[in-house]
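> What shape does this take:
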Amino acid sequence: MEKTRVRRSTFSLAVVIIVAFIDAAVGGSSSISRNKPAVKTIKSEDGDIIDCVDIFHQPAFDHPLLKNHTIQVCQFHSRLAGPTSTAKRETLAHVMWPSYYPKSKVKKVSSEPLQQLWQKSGSCPQGTIPIRRTQKNNSITAVHDQSQITVVREIYSDHYGDNKTRLYIYWTADGGVKTGCYDLLCSGFIQVNPRFVLGGSLYPVSTYDGPQYTLTVKIYMDRPTQNWWLFIQDLPVGYWPISLFTNLKFATKVQWMGQVANAQMTTVHIITPMGSGHSPLSSLVDLGRAAFFKNIMYVDENGASVAPGFSANFVSTNPNCYHAQGYDGSDIPGHGFYLFYGGPQGVSSKCN
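Predicted coordinates for the structure are as follows:
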């Protein structure tokens, strides 16, 4: 059987991720970023080369609208971190924080966090940010039908050249016509944290009926500045300045989703499963079997974090192959609202 080439594979098990789609007008064009001079270089065991670049020399400041931009800095919010080790508190104290943080009533329950593989080989010094060195085959933009900010945990072999699960971002102000890109491949997103590499691989991965490893992602608007901040594992990574967009004071749509895409035009369904390949049943029986989003919330007009509940639309574009089911676990401490999703691999006439 001829192997079908897959552009985008699936989200792995146990991922917590927010994808925010935002309608806005174009605020200016973004320029293509080239590799920047490094203060330090780290060779990751997964083959990635990580350059530690001076925070003030990062690609964002090549954007014409950000030439005179001042990086947003605020005091460390100790109330956000909770009890931490001395080492972690020292790390947090050197990270730039937004001046506003949305309220949440969800009590956290400890879980196995994901890490990035490059961190096993070293770290970037304070005052720098880690940037994955650009390869020649990396694409710069992708076309979408609206302005958006996107955070993804996914296998994307066409873009990154391997089958590793990676954390990456994408943004555009005009559907990818003149603005936007993945990660830091163009000017726009301002990174402030030396701990995370956008586009970097993640480890370990969850296993069916085995340990589950989660990634907590938040996107919200810092009200005083109106910049859109990205948090990963409850740490600020950076922000999309409001000057990249116009009339961008709120999101008109928020989506959480899994996807499988085929780069070839064919009537035969691709053999890649979505998630673990397990079709969800909409219960905690799916936990550890189906891919899921946990503690799903959006920030309302009052700045409070709200679970969408069953008022959200659950849509499967191909219900014969893949399924999406909601589950309300709010009565169980630390669980909140779930979206279970996925479907099996294999060629099926029902999926065509």
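> So, low pLDDT: which residues of this structure?
The chain contains residues with pLDDT under 70 at 1-34, 74-97, 101, 103-113, 135-147, 247, 262-270, 345-352.
> surely Asn295 meets Pro333?
No - counting by C-beta atoms under 8 Å, Asn295 does not reach Pro333; the two are 11.3 Å apart. All C-beta spots, glycine's among them, are computed from the backbone N, C-alpha and C.
> And these two? Which one has more around it.
Set Asn295 next to Pro333 and count neighbours by other C-beta atoms under 10 Å: Asn295 wins out with 20 against 11.
> if you go through the stretch 251-352 of the chain in chain order, where are the strands?
253-255, 261-262, 291-293, 298-299, 305-306, 323-329, 336-342 (DSSP state E, counting those that start in this stretch).
> just checking, what packs against the first one?
Other helices and strands packing on strand 253-255, by 3 or more C-beta pairs under 8 Å, 6 or more residues apart in numbering; DSSP states H and E, are strand 19-21.
> The last one too?
In this structure, strand 336-342 makes packing contacts with strand 291-293, strand 323-329, judged by 3+ C-beta pairs under 8 Å, 6+ apart.
> Show residues contacting it.
10, 106, 256-258, 273-282, 286-287, 290-297, 307-309, 314, 322-330 (C-beta atoms under 8 Å, 6 or more residues apart in numbering).
> Buried members of these into PyMOL, please.
Entered in PyMOL, the line below selects the buried ones among those, by 16 or more other C-beta atoms under 10 Å:
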select buried, resi 10+106+256+258+273+274+275+276+277+278+279+280+282+286+287+290+291+292+293+294+295+296+297+307+322+323+324+325+326+327+329
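> In JSON lines, list the strands of the stretch 251-352 of the chain along with distance to Pro241.
Output for the strands of the stretch 251-352 of the chain, formatted as JSON lines (distance: least, C-beta to C-beta, whole Å):
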{"stretch": "strand 253-255", "distance to Pro241": "20"}
{"stretch": "strand 261-262", "distance to Pro241": "30"}
{"stretch": "strand 291-293", "distance to Pro241": "27"}
{"stretch": "strand 298-299", "distance to Pro241": "19"}
{"stretch": "strand 305-306", "distance to Pro241": "23"}
{"stretch": "strand 323-329", "distance to Pro241": "33"}
{"stretch": "strand 336-342", "distance to Pro241": "30"}
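> out of these, nearest to Thr165?
strand 291-293 (11.6 Å; C-beta to C-beta).
> And that closest one, what does it pack against?
Using 3+ C-beta pairs under 8 Å, 6+ apart, strand 291-293 is in contact with strand 336-342.
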